[in-house]
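K.L.:
Build the 3D model from these lines:
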Amino acid sequence: MMDTSEGHPTKLLFICSRNEIRSLTAERIFGGIPGFEIRSAGTQHNTRVVVTEGHIGWADIIFLMEKSHLNRLQLKYPEALQDKRTITLHIPDDYEFMQQELIDELQAKVLTQIDIPFGRNEPQP
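P.N.:
Residues are numbered from 1 along each chain as shown. The predicted model follows:
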């Protein structure tokens, strides 16, 4: 993890299929935490924000909701992913945007992987 005390935030990228529910919820709930920059994108062409090689290059850690998302990125951007830390969260597309159960699952799974000072921060609008 990058040294956030020297002004170098850790950049987290959240990926799902359409960037409308899971990854966008993650961006909202983890956004605004000091020492971290958060972005989200989707793997499908008809998504809100389509993931690009630039997103991958920007990120320090890439969180993928499903293994299929990692497989798609590996096929499309194998070189860009070569030295990246990727974590598959295994969160199915069974939720609504900002659904409490989704928030709980994201917090539980992400916080076991990295040290985020996450408490009662309000999601960013």
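K.L.:
Which parts of the chain are helices?
P.N.:
Remark: helices assigned in the chain by DSSP state H are 22-30, 53-58, 67-76, 78-81, 100-111.
K.L.:
which of those sits most buried?
P.N.:
Mean neighbour count (mean count of other CB atoms under 10 Å) peaks for helix 22-30 among the helices of the chain, with a mean of 25. From N, CA and C alone the C-beta is placed, and that goes for glycine too.
K.L.:
by how many degrees do that helix and helix 67-76 diverge?
P.N.:
Interaxial angle of helix 22-30 relative to helix 67-76 (axes from the mean of the first three to the mean of the last three CA atoms, to 10 degrees): 100 degrees.
K.L.:
Run through who's touching helix 22-30.
P.N.:
12, 14-16, 36, 38-42, 48, 63, 65, 91, 93, 95, 97-99, 102-103, 106-107, 110, 116, 118, 123-124 (CB atoms under 8 Å, 6 or more residues apart in numbering).
K.L.:
Appreciated, that's everything.
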